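Asks: give the three-dimensional model of this entry:
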Amino acid sequence: MSSSVESRRANSRSRRSNGPDMRRVVYRETHSSRAVVSVVAAVLVLVLAGYGVLESGVHAVGQPAWLIEPQVAAQRIVDLPAGIPPLLLAAIGGVLAMLGLVFLLNGILPGKRARHLLAGAPGEGLPAVVVDDEVVASSIARRARLAANVTPDQVMVVVSQRQVLVNVRPTSGVPLDADRVLGAVRDELDQMLLEPAPVPRVNVTPTGVIGA
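Replies: So this is what the prediction gives:
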């Protein structure tokens, strides 16, 4: 009896080890890849390093430089900003600052995609389900529209990682219960079981639209 139980446990462990790592799969689906930025940075470094080695080798064998002598380039860098117009120097500095900011933000920001995970699925051994925020916004907009008794054009939903903002334009002359709309949105989110769970907020515009 004990041997059969141990064999079942061993089989379950082997299935888990042979199966895909759901955490890694979910992370890839909910976070943007930094491969493109990494490749661009690596190519830039390789090009600059290769050019430096090439110019140094050409100079070592006594041949004329392709573009500029290494000593001349180093001396010009030391003499900056002399010899360069201020406008050109500001443009070069701005471009370098923008490139540095792009690489810095791609390195420190989480890079999350506009997607949410349905909570509980991976932990229960079920396939992970990832939904786009557009799908979530469409479902919430439909629920809010029914609760507010307005047309689809009068409801706009913005879904982010931590918040769901529902903007409702009421019909002129028809009272609108914001708490009822908020309760309907919360109920819809509770049924979705999104992860991370966004906080709903309902905003009723002060100006309404003329009903048909």
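Asks: now do the buried residues in the single longest helix found in the chain.
Replies: The helix spanning the most residues in the chain, taking DSSP state H as the definition, is helix 35-60. For helix 35-60, burial by neighbour count (16 or more other CB atoms under 10 Å) applies to Val37, Ala41, Glu55. For the C-beta atoms, the positions are set from N, CA and C on the backbone; glycine is no exception.
Asks: quick one: list the elements packing against the helix or strand containing Asp187.
Replies: Taking DSSP states H and E as the definition, Asp187 sits inside helix 178-192. The contact analysis (3 or more CB pairs under 8 Å, 6 or more residues apart in numbering; DSSP states H and E) places helix 178-192 against helix 133-148, strand 163-168, strand 199-204.
Asks: for Val174, find the nearest of the ones you listed.
Replies: Closest of the helices and strands packed on helix 178-192 to Val174 is helix 133-148, at 9.3 Å (criterion: CB to CB).
Asks: can you give me the offset of that closest one from its chain's centre?
Replies: With CA atoms, centre = their mean, to the nearest Å as the basis, helix 133-148 stands 23 Å off its chain's centre.
Asks: now do that helix and strand 199-204, the angle between them.
Replies: For helix 133-148 and strand 199-204, the angle between their directions (axes from the mean of the first three to the mean of the last three CA atoms, to 10 degrees) works out to 50 degrees.
Asks: who touches helix 133-148?
Replies: Counting by CB atoms under 8 Å, 6 or more residues apart in numbering, helix 133-148 makes contact with 114-116, 151-152, 154-160, 164, 166, 168, 170, 176-177, 180-181, 183-185, 187-189, 192, 194, 200, 202, all of which sit outside it.
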